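1. Return atomic coordinates for the entry below.
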Amino acid sequence: MSPPCARRRSGSAFNISFASFTSLAILGITLYAPISINAACVNELNVCDGKGREYRPLPLCQEYAHCINGQVYSMISCADGSIYDVLLERCNWEYASFCVVKSCAPTPNPTSSPTSIPSNLPSTLPSTSPTDLPSSMPTASPSSVPSGNPSNSPTAAPSFLYDFFSPLETDSMRQSIESTVLQSYNPAGIASPSTKYLYEGLIKSLKEMAKGISSDGRSFKFYVAYPEGRLDYGMTSVAAFLANAMTESIVYDTCDEFNVDMVTDRYPLSNSCGQNNRSYQDEVCTNSEEVDMSCPVDVNMEVVSSGYSTGMMGRAPPPFSCGPKAHSADYSGYWESKTGTSSKTAYSNARGRTDTEGCCFWGRGALLTRGVCDIGKLNYYLGKRAFTERGEGKFPTIDFCAFPEATCANEEGKEGTEEIKWITGLFEWVDRIQSYRDWDYIDNLKKFVDGRMKDDSFIDTVSSIITRGCHSPDCSLLEVTMREERKKNFMKVLDIFGLPEEIVPPTPSPIPKQTIPKPTTSSPVKSILPPSLSLTKPSSPISTPNSQNKEPTIQLVPTPNENIEDIPSQPVQPSTPTDTAMQTQPTAPTPTTITTVLPTKNKLIPVETNSSFLLASSWWIISLTTMYVLYY
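-> Here you go, the predicted model:
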């Protein structure tokens, strides 16, 4: 018969083995359960059914679905040579990925006798079974793991975009964006959620523009720091865009530009022709490759704005409108906000216009894209002209030149989609800011971030380009409208993104400088102190309160980064040589007090620890460990 201890050890081994097996089983279930759904097989219709992970693969793992509340939000395809990895929750090299999904076999067509079983059942699956890998799929793993993502590889972009947008799609970030960025204000300054610019539309449009829209050989791709992989670069780019969108449209909850340019305490209704001393219908494209992209001015066009700001004090002017003159004395007039009345008398705006003929190109969208050039390029690259001439275009049925109001409303007067509002603004940002030739946006953004975001010139220059069309202070007679608001909004968005990141300098390791006189007896301190601490005679003027004792004293002197003047001064007690006769006489060991001087920000704090307490604690630990070993 085996001794009890042996049986107990055998039982312990069995318990450990059983626990290990159980842990492995739980781990396997945990890894596989999130990709399982309540259906017997997986397809595009049921991939988001049941509870599980937010991202779920389809059969063959070459595509995966983004599931929100049990519904397919979007479908994402992995590039050639890669499949979805359920462990990383993103596309990865096929040979390095783990993904097992049961596919749904095609439903056979019913026969004339569905109740009978055919006698000639196939012995093997047909060669066209959807579970087979395509013939073009590589059958062997690469001989070596790639050292880095190739510069032209399409596999890196989806992975980085997932990493970039993951922080933006958390519940806490969504709440911060909705409560800080997507807020409008009434005349009393009371905030309320924007009704025209929503979180879902923002994220969806950002994702699409981050991947890029190609047209006429150009790729309009919003900069999110790919391929650099720097989240702080990308988030700063998003913050700069949102700061200007907040200033232009979001805080007023408007898609259309509204009348704000007063002339001698009145609002000229001819401001639809241009505000801030601008004339929108005269702002044609001047670059040689863009001269034919401007919208033609139709003096017979009649358009009425779909709305106006709710954030103006007093009685707000009516929405912008444009139309032909009925006769030479047909004036647009002005609006008197104090009385809420209008007059049809001749009243010119800042550029001398007294009518609205051909003045249909006021600002629209998130950045209030305005002028015949910018609206014309929108139509050339994304609108009906792109489809008519090249078979391209994000909005192939919308002619932004013939109907500029399409960004905010359709021809039936119904409000335009939120996607058009965001995409219009993002397109202008890529075309006018990121592609600006005389001042490199991306290089200056990187310098701004690397410089700890202390220089306002970056956001000031961006604001100048978006409002005046140029970057230098003396490049235009136009003013940068709402400069301070743009700057404040930029700082707000950076703050909710956690930028700039706080850099905590590493605490320098203190240089130990310890002393101990010759012991009169064997001290228990030697068995407690870590071996890295060497005990030497003190030579520093910095002393502890126990410097007069013949007991060990550990002193940690300040590092070169600490100011010696910040250390509280203490009297220096000269050490007296111990008498030889006293050294030979045995003395009873006494509890030794270890005084450790810990460095803080501006001073050193002594901390005393009784060695007897340390010895007692060590004895109990050793005793309990010995009892446990003997018992088991």
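2. How are the helices of the protein distributed by residue range?
-> Using DSSP state H, the helices of the chain run over 4-32, 156-165, 171-180, 199-211, 231-248, 372-381, 384-390, 418-428, 441-450, 457-468, 483-496, 580-584, 611-631.
3. Can you check the distance spanned by stretch 444-461, start to finish?
-> Taking C-alpha to C-alpha, to the nearest Å, the first and last residues of stretch 444-461 lie 10 Å apart.
4. So, low pLDDT: which residues of the stretch 1-150 of the chain?
-> Along the stretch 1-150 of the chain, the parts satisfying pLDDT under 70 run over 1-40, 105-150.
5. scratch that, the chain
-> For the chain, the ranges with pLDDT under 70 are 1-40, 105-158, 308-314, 413, 502-620, 623, 625-632.
6. mind redoing it with 50?
-> Within the chain, the segments meeting pLDDT under 50 span 1-39, 107-156, 513-516, 518-613.
7. Can you give me every residue that contacts the nearest residue to residue 407 once chain neighbours are set aside?
-> Nearest in space to residue 407, with sequence neighbours left out and distances taken as C-beta to C-beta, 6 or more residues apart in numbering, is residue 364 at 4.0 Å. In this view, the C-beta of every residue, glycine as well, is placed from N, C-alpha and C. Contacts were defined as C-beta atoms under 8 Å, 6 or more residues apart in numbering; by that measure residue 364 touches 255-257, 370, 404-405, 407-408, 421, 424.
8. Now render those residues as CSV, adding distance to residue 459 and neighbour count.
-> Shown next, in CSV, are these (distance: C-beta to C-beta, whole Å; neighbours: other C-beta atoms under 10 Å):
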residue, distance to residue 459, neighbour count
255, 24, 26
256, 25, 25
257, 22, 28
370, 21, 22
404, 29, 27
405, 31, 22
407, 25, 27
408, 27, 22
421, 23, 27
424, 22, 28
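9. which ones among those residues are found in strands?
-> Residues of those located in strands (DSSP state E): none.
10. Name the nearest of those residues relative to residue 475.
-> In terms of C-beta to C-beta, no member of the contacts of residue 364 lies closer to residue 475 than residue 370, at 18.8 Å.
11. Surely the closest one is in contact with residue 360?
-> No. Contact criterion C-beta atoms under 8 Å: residue 370 and residue 360 do not qualify, at 10.6 Å.
12. if we can go back for a sec, quick one: the contacts of residue 364 as JSON lines, columns for distance to residue 347 too.
-> Shown next, in JSON lines, are those (distance: C-beta to C-beta, whole Å):
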{"residue": "255", "distance to residue 347": "27"}
{"residue": "256", "distance to residue 347": "21"}
{"residue": "257", "distance to residue 347": "19"}
{"residue": "370", "distance to residue 347": "22"}
{"residue": "404", "distance to residue 347": "24"}
{"residue": "405", "distance to residue 347": "24"}
{"residue": "407", "distance to residue 347": "28"}
{"residue": "408", "distance to residue 347": "26"}
{"residue": "421", "distance to residue 347": "32"}
{"residue": "424", "distance to residue 347": "31"}
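13. From residue 196, how far off is the residue nearest to residue 407?
-> 11 Å (C-beta to C-beta, to the nearest Å).
14. which residues are common contacts for the two?
-> Each of 255, 421 lies in contact with both residue 364 and residue 196 under the rule C-beta under 8 Å, 6+ apart.
15. Looks like residue 452 contacts residue 500 (just checking).
-> Yes. With contact defined as C-beta under 8 Å, residue 452 counts as touching residue 500 (5.4 Å).
16. So between these two, which is more surrounded?
-> residue 500 (16 against 11; other C-beta atoms under 10 Å).
17. so the more buried one touches residue 451, yeah?
-> No. With contact defined as C-beta under 8 Å, residue 500 does not reach residue 451; the gap is 9.4 Å.
18. any idea how far residue 262 is from the closest residue in space to residue 43 that isn't next to it in sequence?
-> Spatial nearest neighbour of residue 43, chain neighbours left out: residue 104 (4.8 Å); criterion: C-beta to C-beta, 6+ apart. According to C-beta to C-beta, residue 104 and residue 262 sit 66 Å apart.
19. Equivalent analysis for residue 244, please.
-> Residue 244 is 23 Å from residue 262, by C-beta to C-beta.
20. repeat for residue 365
-> Going from residue 365 to residue 262 by C-beta to C-beta gives 24 Å.
21. Who has more neighbours out of those two?
-> Neighbours per residue (other C-beta under 10 Å) separate residue 365 from residue 262, with residue 365 holding more: 28 against 15.
22. contacting residues around the more buried one?
-> 249, 255, 407-408, 420-422, 424-425, 428.
23. ok, now with 6 Å
-> Each residue near residue 365 by C-beta atoms under 6 Å, 6 or more residues apart in numbering is listed here: 407, 421, 424-425.
24. bridging residues for the residue nearest to residue 407?
-> residue 256, residue 369 (DSSP bridges).
25. Could you tell me the end-to-end distance of stretch 348-356?
-> 11 Å.
26. Ok, stretch 41-57 next?
-> By C-alpha to C-alpha, the extent of stretch 41-57 from end to end equals 12 Å.
27. Show me what counts as buried in that stretch.
-> Of the residues in stretch 41-57, 42, 47-48, 52, 55-57 count as buried by neighbour count, 16 or more other C-beta atoms under 10 Å.
28. and what of stretch 423-442?
-> Buried-residue list, stretch 423-442, by 16+ other C-beta under 10 Å: 423-434, 436, 441.
29. May I have that stretch as PDB, with CA atoms only?
-> What follows is stretch 423-442, C-alpha atoms only, in PDB (Å, rounded to 0.1, in the frame of the first residue of the first chain):
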ATOM      1  CA  ILE A 423     -18.300  63.500 -48.300                       C
ATOM      2  CA  THR A 424     -18.600  67.000 -49.900                       C
ATOM      3  CA  GLY A 425     -16.600  68.500 -47.000                       C
ATOM      4  CA  LEU A 426     -14.000  65.700 -46.900                       C
ATOM      5  CA  PHE A 427     -13.600  65.900 -50.700                       C
ATOM      6  CA  GLU A 428     -12.900  69.700 -50.500                       C
ATOM      7  CA  TRP A 429     -10.400  69.000 -47.600                       C
ATOM      8  CA  VAL A 430      -8.400  66.500 -49.700                       C
ATOM      9  CA  ASP A 431      -8.500  68.700 -52.800                       C
ATOM     10  CA  ARG A 432      -7.800  72.100 -51.300                       C
ATOM     11  CA  ILE A 433      -5.900  71.400 -48.000                       C
ATOM     12  CA  GLN A 434      -4.000  68.100 -48.500                       C
ATOM     13  CA  SER A 435      -3.200  68.900 -52.100                       C
ATOM     14  CA  TYR A 436      -2.300  72.500 -51.600                       C
ATOM     15  CA  ARG A 437       1.000  73.100 -53.500                       C
ATOM     16  CA  ASP A 438       2.700  76.000 -51.800                       C
ATOM     17  CA  TRP A 439       2.500  74.600 -48.200                       C
ATOM     18  CA  ASP A 440       2.900  70.900 -47.600                       C
ATOM     19  CA  TYR A 441       0.000  70.000 -45.300                       C
ATOM     20  CA  ILE A 442       1.300  66.500 -44.300                       C
END
